[in-house]
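**Student:** Requesting a structural model of the entry that follows:
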Amino acid sequence: MISFPNAKINLGLHITAKRKDGYHEIESCMIPIPLMDALEMIINTKKTSFETTGLKIYGESQDNLILKAFQLLRKDFPNLPHVSIHLHKNIPIGAGLGGGSADAAFALKLMNNLFDLILDDFFLEEYASQLGSDCSFFIGNMPKIVRGRGEMLIPVDLDLSGTHLVLINPGIHISTKEAYAGVTPTIPKSKLEDVLKDKNRWKNELVNDFETSIFPNHPEIARIKERLYENGAYYAAMSGSGSSVFGLFEEKAPSIEWEDRYFKFEKLL
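**Tutor:** Numbering: from 1, shown residues only. This next block holds a predicted model:
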């Protein structure tokens, strides 16, 4: 059985508070985009195996969220058979696009079908929230406002059909420590739901708080955002904690080359 975990972008990302458990409270609107990995899983009668192709994944394989998703389900369903897992990695890693979280969430959905567990989305989101802050979003995989540490999902009436997207990943690794180093948690002045209703407000009010700390250290990332606006984007921002930057266009997006780290989609949705 095969599935295609997709990436996401953030429309605004506010850091609103520091939690006692070490996490931060956030507020954002996440949007799925058509940049995908490929995940295959088949039943194996002997042992569980995991292999990858495509982009190099650093770290030990046993730490991969896909295997953790399998182990998490096995705690509650100990009779699950072994599986052979193959991930073809296409979404840039550590780029603010949620690729690892998507892989984990899609693994849960894939196993739900493969093993006929008949778990509805509520339970899958509960499992996903134990794997990572963004994972729950990819269960429903549709535009949502996210709050808490990312596990609180609120439906949003947002139609981006026909929107064109340019996505640029400059290949700069931004650590979580660096991203949060220069951020002072604050409550936004405007309600996110209200800002999202008016695209004319997006450029000035739909902000990613991480840009404040990251742009001074990496001016080349800030320059990408400027360049997208210069070429007609009605909204541009860094996604997540970076370093990917995207631009949204009402008309067909121009060809904005940025070395070889450049993705362009004719339509966002």
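
**Student:** okay, CA-based contacts and neighbour counts for the rest of this
**Tutor:** Noted.

**Student:** now for the longest helix along the chain, which elements pack on it?
**Tutor:** In the chain, with assignment by DSSP state H, the single longest helix is helix 99-114. Packing partners of helix 99-114 (3 or more Cα pairs under 8 Å, 6 or more residues apart in numbering; DSSP states H and E): strand 2-3, strand 6-18, strand 38-44, helix 65-76, helix 121-129, helix 137-140.

**Student:** Format the ones you listed as a markdown table; extra columns: mean pLDDT and mean neighbour count.
**Tutor:** As requested, those are arranged in a markdown table below (pLDDT from 0 to 100; neighbours: other Cα atoms under 10 Å):
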| stretch | mean pLDDT | mean neighbour count |
| --- | --- | --- |
| strand 2-3 | 96 | 16 |
| strand 6-18 | 93 | 23 |
| strand 38-44 | 95 | 18 |
| helix 65-76 | 96 | 17 |
| helix 121-129 | 95 | 18 |
| helix 137-140 | 96 | 24 |
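
**Student:** mind listing what's buried in the longest helix of the chain?
**Tutor:** Residues 99-112 are the ones in helix 99-114 that count as buried (16 or more other Cα atoms under 10 Å).

**Student:** Now do the spatially most central residue of the chain against Lys203, distance only.
**Tutor:** When the chain is reduced to its mean C-alpha position, the closest residue under Cα atoms, centre = their mean turns out to be Gly98, at 2.5 Å. Distance, Gly98 to Lys203, using Cα to Cα, to the nearest Å: 23 Å.

**Student:** contacting residues around Pro81?
**Tutor:** Pro81 sits next to 43-45 when contact means Cα atoms under 8 Å, 6 or more residues apart in numbering.

**Student:** Could you single out the nearest of those to Ile256?
**Tutor:** Ile43 (43.9 Å; Cα to Cα).

**Student:** Point out where the protein drops to low pLDDT.
**Tutor:** Applying pLDDT under 70 to the chain flags residues 22, 257-269.

**Student:** so where do the helices sit in it?
**Tutor:** 65-76, 99-114, 121-129, 137-140, 176-181, 192-196, 202-205, 210-217, 219-230.

**Student:** Other residues contacting the second one?
**Tutor:** If I follow you right, that is helix 99-114. The contact list for helix 99-114 (Cα under 8 Å, 6+ apart) reads 1-8, 37, 39, 41, 65-66, 68-70, 73, 91-93, 117-119, 124, 128, 131-132, 134-136, 138-139.

**Student:** mind checking how far that helix is from the chain centre?
**Tutor:** Its chain's C-alpha centre and that of helix 99-114 lie 14 Å apart, by Cα atoms, centre = their mean, to the nearest Å.

**Student:** what is the orientation angle of it with helix 65-76?
**Tutor:** On the basis of axes from the mean of the first three to the mean of the last three Cα atoms, to 10 degrees, helix 99-114 is oriented at 40 degrees to helix 65-76.

**Student:** picking that back up, out of the contacts of Pro81, who's nearest Thr212?
**Tutor:** Nearest to Thr212, judged by Cα to Cα, of these is Ile43 at 46.9 Å.

**Student:** Skip the chain neighbours and tell me the closest residue to the closest one.
**Tutor:** In space, and not counting its chain neighbours, Ile43 is closest to Val83: 4.4 Å by Cα to Cα, 6 or more residues apart in numbering.

**Student:** how about the one you found, what does it touch?
**Tutor:** Going by Cα under 8 Å, 6+ apart, Val83 touches 41-45, 47-49.

**Student:** Distance to Lys225 added to the residues you listed, as JSON lines?
**Tutor:** JSON lines is the format used below for these (distance: Cα to Cα, whole Å):
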{"residue": "Met41", "distance to Lys225": "38"}
{"residue": "Ile42", "distance to Lys225": "42"}
{"residue": "Ile43", "distance to Lys225": "45"}
{"residue": "Asn44", "distance to Lys225": "47"}
{"residue": "Thr45", "distance to Lys225": "50"}
{"residue": "Lys47", "distance to Lys225": "47"}
{"residue": "Thr48", "distance to Lys225": "43"}
{"residue": "Ser49", "distance to Lys225": "41"}
